[in-house]
Every structure is written in structure tokens, then in C-alpha cells.
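Engineer: dropping a prediction and its sequence here:
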Amino acid sequence: MKRNRNIRSAIMAGFFIGAAASGAAAQGWQCQVDASTGNGWIAPSVNITLNSSRSASVHDGITDYYEGGAVQARARQTRNGHRISWSVNAEDDLGNRIRMRYTANIDADNAIHLRADPVDFRGNLSGRGTCWQK
């Protein structure tokens with residue numbers, strides 16, 4: 001799934017990440033991800049805010065471009081950190097509607113593994129990086 005160069009340029013160069021933490025108890029991460037193997041579907045910078053033990057919001061260039069800002073996500077604590085899952089409704093280069101499911105695993109040492117799975121298509125894309133708490 002190759003991405004349109006104009007879309008990729010807009011995501012890479014022109015996106016704004018500004019999701020604010022809601023409430024004093026919110027925990028958040030700003031993550032830098034090696035998106036080189038993501039075919040344009042993995043943003044190089046991801047902002048994740050954990051709103052509760054089961055709820056989070058995610059804002060990156062992909063959500064900004066296709067959804068107009070942050071999206072709601074499911075969250076759960078794992079033995080070694082947190083797992084955050086969300087979906088984005090998008091379009092491929094041919095104009096076909098596509099739904100991407102994302103899963104981010106953030107370890108206790110703030111390493112992130114981000115995976116993007118296109119619904120109804122085979123395969124997945126992934127990226128790894130580092131987060132810092134905000």
C-alpha cells in the first residue's frame with residue numbers, strides 16, 4: 001500500500017500535535033517512532049494521553065490528516081507497561097476507503113512498538129521508537 005506523496009508530505013511536514021491532557025490524573029507520552037517501514041501509515045511523532053485505566057486519546061499526523069485531530073482510544077495496563085488501541089478511517093492512493101487499526105505497546109522503559117493493521121487487507125506495518133512522559 002503505497003501512499004500518495006502529497007499526503008505523506010502533509011503528514012510528515014505539516015502536522016500539529018497538541019492534544020492536551022485532560023484532568024490532573026492524566027498520564028501522557030510524546031513518542032518518536034522510526035516510521036521508515038510504515039509506508040506512510042506510521043507517523044514519526046505520536047502524542048498519547050492516558051485519561052483513565054481504560055481510556056486514552058492519540059494525536060499524530062495520521063489522525064490529524066484523516067480525523068481532524070486526536071482520536072479516542074482503548075487502553076489497558078500490561079505486565080510491562082500499557083497497550084493503547086485506536087482506529088482511523090482513511091483512503092488509499094486509489095480513493096478506496098480503508099480502516100486502519102493501530103496498537104501501541106509502551107514498555108516501562110518508555111520504548112514503543114507501534115503496529116498498523118489495515119482492516120480487510122493482509123499484512124501489517126510497524127515502527128519502533130522511544131517515548132518520554134509529558
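Structural biologist: Sure, I can see it.
Engineer: mind giving me the packing neighbours of the strand or helix carrying residue 90?
Structural biologist: Assigned by DSSP states H and E, residue 90 falls within strand 81-91. Here strand 81-91 touches strand 45-50, strand 55-60, helix 61-67, strand 71-78, strand 97-107, going by 3 or more C-beta pairs under 8 Å, 6 or more residues apart in numbering; DSSP states H and E. For every residue, glycine as well, the C-beta is placed using N, CA and C.
Engineer: that strand vs strand 97-107, what angle?
Structural biologist: 160 degrees (axes from the mean of the first three to the mean of the last three C-alpha atoms, to 10 degrees).
Engineer: report the buried residues of strand 81-91.
Structural biologist: Buried residues in strand 81-91, defined by neighbour count with 16 or more other C-beta atoms under 10 Å: 81-88, 90.
Engineer: now the residues you listed as a markdown table including distance to residue 59 and pLDDT?
Structural biologist: What follows is the buried residues of strand 81-91, written out as a markdown table (distance: C-beta to C-beta, whole Å; pLDDT from 0 to 100):
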| residue | distance to residue 59 | pLDDT |
| --- | --- | --- |
| 81 | 20 | 94 |
| 82 | 16 | 96 |
| 83 | 18 | 97 |
| 84 | 12 | 98 |
| 85 | 15 | 98 |
| 86 | 10 | 98 |
| 87 | 14 | 97 |
| 88 | 11 | 97 |
| 90 | 15 | 91 |
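Engineer: related to what we said a few turns ago, and the angle from the strand holding residue 90 to strand 55-60?
Structural biologist: Going by the same axes, to 10 degrees, strand 81-91 makes 50 degrees with strand 55-60.
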